[in-house]
Each structure stands twice: as structure tokens, then as C-alpha cells.
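Chemist: When you get a sec, could you give me coordinates for this:
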Amino acid sequence: MQLGSLPFKYLGVPIPARKLSVLDCSLLVERIVERIRALGSRHLSYGGRLTLIKSVLANLHSYWARIFILPKAILKRIDDICRNFLWKGLKRLHEFNIASVAKYVWWLANKKDHLWVRWVNGIYFKGSSWASVQASASSSWAWKRICKVRDIMLPGYQGDWWLQPGGHYSVNLGYKWLCPDGVDVQWRHVVWNRFCLPRHSFICWVQAYQRLQTRARMAKYGYNGDMCCCLCAEVTETAEHLFFKCKYSTLCVQYMSNWLGFHLPSDDTWNWWMKHRFKSLFLKKVIGAAIVGLVFSVWKARNHSLHNHVLIRPDVWMKPVVANLIYRCQTQISSNVRERFEVWLSTLS
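Modeler: Below is the predicted model:
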């Protein structure tokens, strides 16, 4: 039998004899960059970029993060790549790495029947409690890191939530504990509504933070060209004007109102949606999806006019947007809701 040596690769990840180095993790960074180069050349929309990060880039990192505590330099590099590819990125990778490795702490606390747990009990615990055992100077680098993660997550156990006997730990729950939600914003209920198309939601989310690059916003960064609205060419192009005080966007709102059979005010649309009492939650969500679709369609029409110097009539422009909303609603509703609103839904088709 041939005698092996360290380091070697197992299931696509390096198994080193010493502490995982930046060089050991270079393969992970290279794979992420390769995926971006291969798919980024396809001129992906914001929604496409979001899907790529969630399904490809984040999964590559998550696979490694659930096995190792990655060097901070590597986490920063991956975070920079994701932020450059998509504004603001998605997750705080260092905290996600800690939450992933905390799974091993949960195994130890609950005395899971794993070979690794039995080995740790025999080598490191020696009768000590999992919450009090300390890593000695001669301990392996992996065990030292696990003890550090234990110390970080220990208040969660004392707070009586994730490490209860018989309980269940999830990486998502641990990450939320490490990164609690910020101030709740009311518009999230309309922007991240499941009846909205992802690409509609993303553009609306950017607009909610006032980050869409209107001409007025670009002027802050040195733009000194034409400041008039690309849709009506009458006043300065600001987000407040585009959504929905512009003559063109007002006609889009009117078209959407006629399709829904429900009047949508073009002034202060967000607050109206949040304060209005709808007959049902389903109706509220569908109309919310229509408002989000309006933001997307107006912004897309603006970009089309800017780059192609062609302004398409609002009724022609809105038809494919409405068709996509119809399909989205049909795929998201449950059978009991479909029966209750069958007549109304038939008028939308």
C-alpha cells in the first residue's frame, strides 16, 4: 500500500497538515472568478446577478465555510468580488463562516453520535464540560478555532435558544443571531412580495434606497450633460419625478389601473398601498406586485429611451410587463385562493 502525505485534496478541498493558509484557499477564489468571467460576459441583469451569487458563488463559499474557518483575507477577497459583481453583496461572510462552524459546537453540546465527537471527548474534554474546556498551546489549530467559535456563540446557549437539549441548530439561525435584523422598513412588504418578479423586486429595492442612477443623481458625481427627463423631456430627471409624476409614468400607472380594475394613485403610491385596507391579503399582494412592476417598467423605459433614442408608447411598453405579472400570479396562487378570485383573475388574463 502506498503511503500518502499531507497536504492532499478530499472532495475538492485541501486537507493541510497545518493551519489553512491564504495560498491553500486560492483555489476557491479562482473558481469564483472563473464563474464570474464565464457568466458575467452575458450582460446579466441585476436579477440574473443575484441568482448567480445565490446559486453558484455563495454555494462554492458555503461548501468550504462549513468545513473550515477560512482566513479573513480570503473572506474579504470573496466579499469584494461579490460586492463588485452586485451592489452591496448579500451576506457578511465572516459571520456566516462562524455560524457554519458553530454546527460542530452544537454537535459537542448535544453529544451527537459522531466519530469526531467521540474523538474530541477522548482527546480534549477528559471529563470537562464542552462550555468550559480550553484549548491548550499544543492543541491543533482547528480545535483552537472551534473553541473561539464556542466562546462567540456561548451567549446564545445561555440565552436559551439554539443549543437546547433535543433542539436543532441551523446555520441560518446562527447567522441571524450574529447579524440581527436592522430597522424594519415598511416598503419591504411590497418589494419582497412573492408575487413580484425577482428582477422587478431588485430594481424596486435599489430605488427604495435612492440608488438608481438618474441624471440628477449622476450630476453629483460630475455628470454635466442634459438634465431633462428621458421620458418627457420637460423637467429635471429625478427619482421623485420618474416615480410617478412624469407624464409618461402617469400613463403607465393608468394602464396598470385599467388592467387591475383598481385605481392606483400616481401620487405617494407606496404609502397608499401600505395604508389602504384591501379585501384580502391576496389582493394586496397582487396590487403590490403591480406597483413594483411599474417601477421596473418605467426605469426600463427610461433606459431604452436614453440608449436607443426611441420612446415606445406606454400601452405598448406595458403589455409584456402585464403578461409576465399574469404568469407570475398564476404560478404563485394556491387552489383555494384561485377558486375565491376566479372571476377577477379571469378578467386579468
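
Chemist: can we go C-alpha only for contacts and neighbour counts from here?
Modeler: Noted.

Chemist: what distance separates the longest helix that the chain contains from the centre of its chain?
Modeler: Longest helix of the chain, by residue count under DSSP state H: helix 281-308. On the basis of Cα atoms, centre = their mean, to the nearest Å, helix 281-308 sits 20 Å off its chain's mean C-alpha point.

Chemist: Let me know the angle separating the helix or strand following that helix from helix 281-308.
Modeler: The C-terminal neighbour of helix 281-308 among helices and strands, as given by DSSP states H and E, is helix 314-332. Using axes from the mean of the first three to the mean of the last three Cα atoms, to 10 degrees, one finds that helix 314-332 and helix 281-308 are set 140 degrees apart in direction.

Chemist: and the next helix or strand after helix 314-332, what's its mean pLDDT?
Modeler: Remark: after helix 314-332, the chain's next helix or strand is helix 335-340, criterion DSSP H and E. Across helix 335-340, pLDDT averages out at 74.

Chemist: List the buried residues of helix 335-340.
Modeler: For helix 335-340, burial by neighbour count (16 or more other Cα atoms under 10 Å) applies to Arg338.

Chemist: Quick one: list the elements packing against that helix.
Modeler: Judged by 3 or more Cα pairs under 8 Å, 6 or more residues apart in numbering; DSSP states H and E, helix 335-340 is in contact with no other helix or strand.

Chemist: Would you pull up how far it lies from the middle of the chain?
Modeler: 30 Å.

Chemist: Dump that helix to PDB, restricted to CA.
Modeler: What follows is helix 335-340, C-alpha atoms only, in PDB (Å, rounded to 0.1, in the frame of the first residue of the first chain):
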ATOM      1  CA  SER A 335     -56.000  26.300  -5.300                       C
ATOM      2  CA  ASN A 336     -58.400  27.800  -2.600                       C
ATOM      3  CA  VAL A 337     -57.400  31.300  -3.500                       C
ATOM      4  CA  ARG A 338     -57.800  30.600  -7.200                       C
ATOM      5  CA  GLU A 339     -61.400  29.500  -6.500                       C
ATOM      6  CA  ARG A 340     -62.300  32.600  -4.500                       C
END
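
Chemist: I'd assumed Lys247 was in contact with Cys232.
Modeler: Yes. Look at Cys232 against Lys247 with Cα atoms under 8 Å: they come within range, at 6.4 Å.

Chemist: re the thing from before, show me what the longest helix of the chain is packed up against.
Modeler: helix 188-191, helix 198-208, helix 247-260, helix 269-275, helix 314-332.

Chemist: buried stuff in the helix or strand hosting Glu240?
Modeler: Following DSSP H and E, the helix or strand that holds Glu240 is helix 239-242. For helix 239-242, the neighbour count (16+ other Cα under 10 Å) marks 239, 242 as buried.

Chemist: what does stretch 241-258 give?
Modeler: 242-244, 246, 248-257.

Chemist: Which residue, other than its chain neighbours, is closest to Gln254?
Modeler: Leu264 (7.4 Å; Cα to Cα, 6 or more residues apart in numbering).

Chemist: before we move on, what about Asn97?
Modeler: Ala65 (5.2 Å).

Chemist: so the one you found sits right up against Ser100, yeah?
Modeler: Yes. At 6.3 Å, Ala65 counts as touching Ser100 under the criterion of Cα under 8 Å.

Chemist: Which of the two has more residues huddled nearby?
Modeler: For Ala65 and Ser100, the more surrounded residue by other Cα atoms under 10 Å is Ser100, and the numbers stand at 25 against 20.

Chemist: Surely that one forms part of a helix?
Modeler: Yes. Under DSSP: H, G, I helix; E, B strand; the rest coil, Ser100 falls within a helix.

Chemist: Settle this for me: it is touching Arg66, isn't it.
Modeler: Yes. Because the distance of 4.9 Å satisfies Cα under 8 Å, Ser100 is recorded as touching Arg66.
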